[in-house]
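Chemist: I would like the atomic coordinates for the input below:
(chains A and B)
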Amino acid sequence: MSNNQGDPAIAARQRWMGALATAPGSRLKAMWDALDGIPPYQMLRAPETGLIMTRGRVGGAGAAFNIGEMTVTRCSVRLPDGTVGHAYLAGRDKAQAERAAVLDALLQRSETAAAIQEQIIQPLLDERAVRDRSRAAKVAATKVDFFTMVRGED
Amino acid sequence: MYVAVKGGERAIDNAHGLMAEDRRGDPEVAELTIPQIREQMKLAVDRVMTEGSVFDRDLAALAIKQARGDLIEAAFLIRAYRTTLTRFGASLPVDTGKMKIDRRISAAFKDIPGGQVLGPTFDYTHRLLDFKLAAEGGEAPMALPVDADGETAPHVLDLLAAEGLVETPGMANDDAAPADITREAPEYPMDREARLQSLARGDEGYLLALAYSTQRGYGRTHPFAGEIRLGRVSVEFMPEELGFPVEIGEIELTECNMINQFKGSKAMPPQFTRGYGVAFGHGERKAMAMALVDRSLRSEELGEEITAPAQDQEFVLSHCDNVQATGFLEHLKLPHYVDFQSELELVRRMRGEAAE
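Modeler: Take a look at the predicted model:
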């Protein structure tokens, strides 16, 4: 993650927000349903789908340019103690954005953070790593193994 | 002359009803689902995302179903839908150097760190129809995994740029937001960033033909496929209310860096120059064609003589959008009774005058 300014609190929040944004929707729903004691919360910004312009770089490394847009859904909630949670995730899953925003708020409170880290965030990160490794293993099987033939000229 | 154009309403409603029945086809055949299109018509979905210029697989799949498989019509539906959504902002530039690689090849350099990775490709297939696919209900094929060595795959050309033999892609200067052709009317000459945005959403067939024309000698590009890569990149966005960037998801991209011979100019020594192409999802033909056309459009910048259509910015860029092109072409189907009537009168009069 770029630009976390070396602040461990920000780095931790980037880590969990990324885990929630990249979680398969059905998986996060199952984890949410299994969670006890979700407090009532107030909707600050109801789930809303919009667009983000995706930027790339010329040649992969030069000046930024606009590749095209992508759908994104965002949501913001407030817990009774005033903690505010935000979510931004690719796609149009409003229920997932709402769950992610509530979890973002709960993860900022010391009394609820540890349990959610353990029951949701860490498993999501582990599962993503497993998916990535499984794909990488199939891709690795398509890597070319060059061997040089002995040439006959001399 | 005034011609009444009312009276088509019932016919239009019924025509749409007939189209809906035809779209469904034989009701004895199972109806297509959006997940089926998304999963099994992936390359069509990817093309609609690229040319519709919105990354969203389910939306593109729905558009393909609604458009009965007409991919330009589907891109049109996506473009129309995007106008109904608010734009929250722009992402940080994605880092394609950190792509989770599905495919990565170089036709110019054999031995590259990370290796030549073929990935899911039609290359090396024999293009023989496979009648086994006509039989349904077989077991899903399983690809063979091996232990991945975890080797990273840096951009091939960056390794050579260090030697000065290949130009660097320029500085990553993010002080100013790049031009956005969806917000500002195009002005020519257009800067490279705006050109790339136009080409990225441009029609694949059109760019393919232009790229082919440069290969055949109309504005010679003499290209090598320096690198083609396909894979997933993480997208980060900085919401104002947070003040730091967060990952919002992963998107799949195809990227192509072409390298082209360049004999040098007063300002630059002889070296290889580059053309760049990128597409949403798996769009190799598109990314390669775009890279050749990008390089071709740099003729003026590089002091090359402009002799061919593919080197002419205004010609290339103002005709590359298939939604725009379709709109102007297909408007010819709308009633032009009055225009035609006036031209008919004119021809009659001229014939009359010629006969006198």
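
Chemist: Over to A:Arg135: give its phi and psi.
Modeler: Note on A:Arg135: backbone dihedrals following degrees, to the nearest 10 are phi -70, psi -40.

Chemist: Could you state which residue of chain A sits nearest its centroid?
Modeler: A:Gly18 (2.7 Å; CA atoms, centre = their mean).

Chemist: tell me the SS of that one?
Modeler: Under DSSP: H, G, I helix; E, B strand; the rest coil, A:Gly18 falls in the helix class.

Chemist: Run a quick check on it versus B:Glu250, I expect a contact.
Modeler: No. Judged on CB atoms under 8 Å, A:Gly18 makes no contact with B:Glu250 at a distance of 9.9 Å. Bear in mind the C-beta positions are built from the backbone N, C-alpha and C, glycine included.

Chemist: joint contacts of the two?
Modeler: B:Ser234 (CB atoms under 8 Å, 6 or more residues apart in numbering or on different chains).

Chemist: Burial check on the closest residue to the residue nearest to the centre of chain A other than its chain neighbours, number of neighbours?
Modeler: Distance criterion CB to CB, 6 or more residues apart in numbering or on different chains; nearest residue to A:Gly18, sequence neighbours excluded, is B:Glu247 at 3.5 Å. The number of residues packed around B:Glu247, counting by other CB atoms under 10 Å in any protein chain shown, is 23.

Chemist: likewise B:Gly69?
Modeler: Counted with other CB under 10 Å, B:Gly69 comes out at 14.

Chemist: and it, that one's in a strand?
Modeler: No. With three-state DSSP as the criterion, B:Gly69 is coil rather than part of a strand.

Chemist: so who does it touch?
Modeler: B:Ala44.

Chemist: same thing but 10 Å
Modeler: B:Gly69 is in contact with B:23, B:32, B:37, B:41, B:44, counting by CB atoms under 10 Å, 6 or more residues apart in numbering or on different chains.

Chemist: Do you know the pLDDT at it?
Modeler: With respect to pLDDT, B:Gly69 has a value of 97.

Chemist: What of A:Met1?
Modeler: A:Met1 is given a pLDDT of 50.

Chemist: Likewise for B:Ala4?
Modeler: 54.

Chemist: thinking again about what came up before, report the buried members of the contacts of B:Gly69.
Modeler: Buried subset of those (neighbour count, 16 or more other CB atoms under 10 Å in any protein chain shown): B:32, B:37, B:41, B:44.

Chemist: Got the confidence number for A:Asp36?
Modeler: 87.

Chemist: element containing it, please.
Modeler: Counting by DSSP states H and E, no helix or strand carries A:Asp36.

Chemist: re earlier: reformat the contacts of B:Gly69 as JSON lines; add pLDDT, distance to chain A and secondary structure.
Modeler: Converted to JSON lines, the contacts of B:Gly69 look like this (pLDDT from 0 to 100; distance: CB to the nearest CB, whole Å; DSSP: H, G, I helix; E, B strand; the rest coil):
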{"residue": "B:Arg23", "pLDDT": "97", "distance to chain A": "24", "secondary structure": "helix"}
{"residue": "B:Leu32", "pLDDT": "97", "distance to chain A": "20", "secondary structure": "coil"}
{"residue": "B:Ile37", "pLDDT": "98", "distance to chain A": "16", "secondary structure": "helix"}
{"residue": "B:Met41", "pLDDT": "98", "distance to chain A": "19", "secondary structure": "coil"}
{"residue": "B:Ala44", "pLDDT": "98", "distance to chain A": "17", "secondary structure": "helix"}
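
Chemist: got JSON lines for these, with distance to A:Met43 too?
Modeler: Converted to JSON lines, the contacts of B:Gly69 look like this (distance: CB to CB, whole Å):
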{"residue": "B:Arg23", "distance to A:Met43": "39"}
{"residue": "B:Leu32", "distance to A:Met43": "36"}
{"residue": "B:Ile37", "distance to A:Met43": "34"}
{"residue": "B:Met41", "distance to A:Met43": "37"}
{"residue": "B:Ala44", "distance to A:Met43": "38"}
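
Chemist: Check the gap between the spatially closest residue to B:Arg23 that is not a sequence neighbour and B:Arg24 for me.
Modeler: Distances taken as CB to CB, 6+ apart place B:Arg68 nearest to B:Arg23, at 5.0 Å, with adjacent residues excluded. As for B:Arg68, its distance to B:Arg24 is 10 Å (criterion: CB to CB, to the nearest Å).

Chemist: related to what we said a few turns ago, buried set for whatever helix or strand the residue nearest to A:Gly18 lives in?
Modeler: Using DSSP H and E, B:Glu247 maps to strand B:246-260. Residues B:246-260 are the ones in strand B:246-260 that count as buried (16+ other CB under 10 Å).

Chemist: what's the least confident helix or strand in chain B by mean pLDDT in contact with?
Modeler: Least confident helix or strand, chain B: helix B:156-161 with a mean of 81, by mean pLDDT, DSSP states H and E. For helix B:156-161, contacts defined as CB under 10 Å, 6+ apart pick out A:59-61, B:97, B:104-106, B:108-109, B:112-114, B:155, B:165-169, B:225-229, B:257-259, B:271-272, B:274.

Chemist: related to what we said a few turns ago, surely the residue nearest to the centre of chain A and B:Gly249 touch.
Modeler: Yes. Applying CB atoms under 10 Å as the test, A:Gly18 and B:Gly249 come out as touching, 8.9 Å apart.

Chemist: Quick check: neighbours shared by the two?
Modeler: With CB under 10 Å, 6+ apart, A:Gly18 and B:Gly249 have common neighbours A:89, B:234, B:236.

Chemist: just the contacts of B:Gly69 now: which is nearest B:Glu9?
Modeler: B:Arg23 (21.1 Å; CB to CB).

Chemist: Do I have it right that the closest one meets B:Gln66?
Modeler: Yes. Here B:Arg23 reaches B:Gln66: they are 7.8 Å apart, a contact under CB under 10 Å.

Chemist: how about the nearest residue to A:Gly50, chain neighbours excluded?
Modeler: Nearest non-adjacent residue to A:Gly50 (CB to CB, 6+ apart): B:Thr86, at 4.2 Å.
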